[in-house]
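Engineer: Next one to model:
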Amino acid sequence: MPSIELLLAFVAATAVFAYMPGPAMLYTAAQTMARGRKAGWLAAVGIHVGGYAHVAAASLGLAILFDAVPTLYTVLKFAGALYLVFLGARLFLSREHITTSVLEVDTKSPMRAFWESVTVEVLNPKTAIFYVAFLPQFTDPAANFPIWLQLFILGTVVNVMFSSADVIAVILADKVTAALKQSVMAAKIVRKIGGSILVALGLNVALSRH
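Structural biologist: As a prediction, this is how the structure comes out:
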């Protein structure tokens, strides 16, 4: 593995990126607000699981295809953006019954959040580009482990740290929604806010230049 100094620099840099508020934290917070705490936890897990697709792609060099074939990046970016907008619009327009005792819209909703989150993360080419640009800076060709294994280990650490930030987002969002559980109207407003955040994230992805 790389030297201790290099690993410490890696951990410090990863922490800065992980705990800086970003799309993944907003996404998990939105899912928590719209569907409840269980859905928020499963959304965080889904983002984490989907992240390993990018870790594997970076380790195997597959993510470099985005530089070689810009059209592939564009197609994947817009697919992910449209999916986020679709999810947000569905939550915003949902008329499913909400009670004052729980914010989950139905029993299937939390598990659905997991699979949707896996899809959202896999369809995010920016994550793939981040791993390709970030991880190689902390590898050491002279180390005992091959480069691909170093990239996989480092990528796994990044994924775990980013997920820990998503967990914090879920906890904070749950505290906000818990204070509003006694009001059906407030619960509906919170769900619409969650849906709006997802739509905004999708539009941001679609309109971004990179």
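Engineer: Buried residues, the strand or helix carrying Phe17. List them.
Structural biologist: Assigned by DSSP states H and E, Phe17 falls within helix 4-19. Within helix 4-19, the residues that count as buried by 16 or more other C-beta atoms under 10 Å are 10, 14, 18. For the C-beta atoms, the positions are set from N, CA and C on the backbone; glycine is no exception.
Engineer: And the pLDDT at the second one?
Structural biologist: The one in question is Thr14. pLDDT, Thr14: 91.
Engineer: what sits against it?
Structural biologist: 157-158, 161 (C-beta atoms under 8 Å, 6 or more residues apart in numbering).
Engineer: What subset of the residues you listed is buried?
Structural biologist: If we count by 16+ other C-beta under 10 Å, these have these buried: 157-158.
Engineer: Among the contacts of Thr14, name the ones in helices.
Structural biologist: 157-158, 161 (DSSP state H).
Engineer: quick one: which of those residues is nearest to Ala39?
Structural biologist: Using C-beta to C-beta, Met161 comes nearest to Ala39 of these, at 22.6 Å.
Engineer: Let me know the pLDDT of the closest one.
Structural biologist: So Met161 comes in at 95 (pLDDT).
Engineer: what does Thr156 give?
Structural biologist: At Thr156, the model reports a pLDDT of 96.
Engineer: Skipping adjacent residues, who's closest to it in space?
Structural biologist: In space, Thr156 comes closest to Val55 once its chain neighbours are excluded; the distance is 6.0 Å by C-beta to C-beta, 6 or more residues apart in numbering.
Engineer: residues near the one you found, how many?
Structural biologist: 23 (other C-beta atoms under 10 Å).
Engineer: Distance of it relative to Leu93?
Structural biologist: Distance of Val55 to Leu93, computed by C-beta to C-beta, to the nearest Å: 35 Å.
Engineer: what's the burial count for Val167?
Structural biologist: For Val167, the count of nearby residues is 16 (other C-beta under 10 Å).
Engineer: Tell me which residues touch it, please.
Structural biologist: Taking C-beta under 8 Å, 6+ apart, one finds 41, 44 in contact with Val167.
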